[in-house]
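S.K.: no letters, just coordinates:
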């Protein structure tokens, strides 16, 4: 069953761009202590329904799987207080799965078991619509819309204001896995949705 | 007396070697404002050669002395083209409380009219290692000697300025003390300044040639010893008296220094502290300066004086008692009641001081009536203020909460979050670390396939211990795929290695490494792992993908650059995404391998919660596991055995060996 997977160059390019975009926004939100919920898989009902939930591990503390993990992390950040600033010094990303499928809605070519043809539930739509959407789906896959990727970030956490009593700089490493955000791929997607969302987060101050 | 140490100091007559303690040295010292006054008088001007122009302040030709020198005109133009050296020096120096305290004591205690026969300027740094005393000969024979004040001021200015010019130094040469003794002028400055001043030896000054040499007596300056040695006996007596006043007003139990109603103190009135030039302000500064000397460390001061009362002193602006916050910056309770504070402005100068003040009493001050809103303002100024004029403005809990809010509490470190699947992660990482040092080729062949990817990213900006010299990254940087540095798509493509062969290729080019042995030195690593879903199924059978795990390992290694043979220790973080292997090959494959390198840093100790309940349970669990291992008993019997031995592991082993024969077969996990 040969799928029109994106080639290596496409995967690498898409992943690099997605990683850059994620880094730029996530750590900005983190430093400003804005909401982080939008970055996690729990923001997607489709992924959540398919049991794809963020697995967050912060300094070795596993923040219970499930939709509440992101909230738990934000609570942990509130406890940490401020001022704390995360500065990125290095990041690198690689494609993990060229065609991530879990939770993909039928409208986007996913369904239980179907991988090329859309087995629509409503008979009429499946005949006519499937060929059209099938080519769209194929293009979407080929363009790398559905890659999942691993991302490793290395940087510095600054606790306190530089120069003040108790101010301290620490190295940190944060490893991530992000998967496609199906709602954002839909033609009727609301504006401002993240294209990829977090399913695995591993943070360590070092 | 110390033997001569400098080549030129033989010129100093022995009788004048120790001028400082002489009783005649009762002259008035000046501060920097004294310096400014000196300049303001306009008595000092120099021509291009640095010679002193003896013209009066106006410098007009019509002045009585104006015609004496033929080069008067050029002297003026020469002066005009130069920036005034003293004013620059004055503005660039910040006051140092301690040195300033010495000055103040000196001035206040030596009070009274008189020419300037000695002077102190604040030391640039009170930790200045040592001073040197020089003897200057020539002032008496110079034309400056006929100046008002004997020409000393002019001489000092000349020396300071010339020494700076001759030495071509950017810093300001400063003479800290001076003293006339007969035909000689003794000057004291820091050792390095003195060395510059010595270079002015032989220079012409106001029609004479200066001879400068090192004086025999050089005493280190540093704190009260130097100060007391420079005080006249009269001053010492006054100081002693004031110490007495302070000790009478100090309540050792309450840690209270009661400086209330100083004007009515008979002991002070009797000495005439409020007559003539002496003012209450001066007295207060003197008292503070003496306090400053009484305590060796800031901590000693904090311990001894918690509260100060200044009530009933007619103070209407804290400027008058500014030295209080210099001397007692950490004061906790301050009584300013029954003074004349009228408004907030009178307290403005303390807005950013007294950061630890908890009680501030302003009762019976006009401000109570004239500006009743002062309380909100003052409360906001002093973050720890609890009691303002007898009214509680904060609780201690509020202070603690506010303080906590300004400081982060880093998220604590927990032990490994290692949620493995059937030991896959543990086996992989143990083998990986060992084989990465010993046999990278076979490692790559075993766990990596055509789809596996590897890349490396160097973080050269990671924080590290200050004493650590960061290694270079030459052997790694050409492969580094750090996206913050490598921004072009093609360069990023080139540095992503896909497939066993490319990965083997780059691993061969990376320096050989030595990682700490993982099973025995687990404390050198932090390893977290947990399952991930939706990985590509290498068989292609499961369209929604397969499960795997993600491992992040943090640790250190030593490497050796092949070209230079240089070794270096580095820290690394490495992230692996592992999934099931292709049928017919190793059951586990590496999907992604992301290596991040940075300067060496000791890993944080994972939580060592002080003997709390959970960690105790963890310890018990570890003992049970160990006992199971060593005795082949099952967990239940191991626990029982340890319980009997009161969780003493060695005792449990002894018990086991004693009772072994009596144990039922069910006590053992498997047949021993």
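M.R.: Perfect, thanks for sending it. As the structure is a computational prediction, the values presented were derived from the model and not from experiment.

S.K.: show me how far stretch B:522-536 is from its chain's centre.
M.R.: Distance of stretch B:522-536 from its chain centroid, counting by Cα atoms, centre = their mean, to the nearest Å, is 40 Å.

S.K.: pLDDT of it, averaged?
M.R.: Across stretch B:522-536, pLDDT averages out at 94.

S.K.: what do you get for stretch A:153-164?
M.R.: 88.

S.K.: so which bits of stretch A:137-147 are buried?
M.R.: A:137, A:140-142, A:144-147 (16 or more other Cβ atoms under 10 Å in any protein chain shown). Backbone N, C-alpha and C define where each C-beta goes, glycine included.

S.K.: ok, stretch B:414-433 next?
M.R.: Buried-residue list, stretch B:414-433, by 16+ other Cβ under 10 Å: B:414-415, B:417-418, B:420, B:424-426, B:428-429, B:432-433.

S.K.: which ones are touching residue A:93?
M.R.: A:15-16, A:18-19, A:149-152, B:483, B:594 (Cβ atoms under 8 Å, 6 or more residues apart in numbering or on different chains).

S.K.: so how far is the longest helix along chain A from its chain's centroid?
M.R.: In chain A, assigned by DSSP state H, the helix with the most residues is helix A:8-32. Put simply, helix A:8-32 sits 9 Å off its chain's centre (Cα atoms, centre = their mean).

S.K.: which helices and strands sit right next to that helix?
M.R.: Applying 3 or more Cβ pairs under 8 Å, 6 or more residues apart in numbering or on different chains; DSSP states H and E, one finds that helix A:8-32 makes contact with strand A:84-97, strand A:148-159, strand A:168-180, helix B:489-494.

S.K.: rewinding a little: top of the contacts of residue A:93 by neighbour count?
M.R.: residue A:151 (30 neighbours; other Cβ atoms under 10 Å in any protein chain shown).

S.K.: now do that residue against residue B:549, distance only.
M.R.: Using Cβ to Cβ, to the nearest Å, residue A:151 is found at 17 Å from residue B:549.

S.K.: kindly report the same for residue B:442.
M.R.: 22 Å.

S.K.: neighbour count for the two, which is higher?
M.R.: residue B:549 (22 against 11).

S.K.: quick revisit: same for the very next helix or strand once past the longest helix of chain A, what does it pack against?
M.R.: Note on helix A:8-32: by DSSP states H and E, the next helix or strand toward the C-terminus is helix A:45-49. When contacts are defined as 3+ Cβ pairs under 8 Å, 6+ apart, helix A:45-49 packs onto helix A:182-185.

S.K.: now the angle from the helix or strand just after the helix it packs on to strand A:84-97?
M.R.: Using DSSP H and E, the helix or strand that directly follows helix A:182-185 along the chain is strand A:196-205. Angle, strand A:196-205 to strand A:84-97, by axes from the mean of the first three to the mean of the last three Cα atoms, to 10 degrees: 130 degrees.

S.K.: buried residues, the longest helix of chain A. List them.
M.R.: Under the neighbour-count criterion of 16+ other Cβ under 10 Å, helix A:8-32 has A:8, A:10-16, A:18-20, A:22-23, A:26-27, A:30 buried.

S.K.: pLDDT wise, what is residue A:67 at?
M.R.: For residue A:67, pLDDT reads 75.

S.K.: surely it and residue A:49 touch.
M.R.: No - under the criterion of Cβ atoms under 8 Å, residue A:67 is not in contact with residue A:49, lying 10.7 Å apart.

S.K.: more neighbours, these two?
M.R.: When residue A:67 and residue A:49 are compared for neighbours, residue A:67 comes out ahead with 17 against 10, by other Cβ under 10 Å.

S.K.: the closest residue to the more buried one other than its chain neighbours: neighbour count?
M.R.: Leaving aside its chain neighbours, residue A:67 sits nearest to residue A:42 (4.1 Å; criterion: Cβ to Cβ, 6 or more residues apart in numbering or on different chains). Counted with other Cβ under 10 Å, the neighbours of residue A:42 add up to 22.
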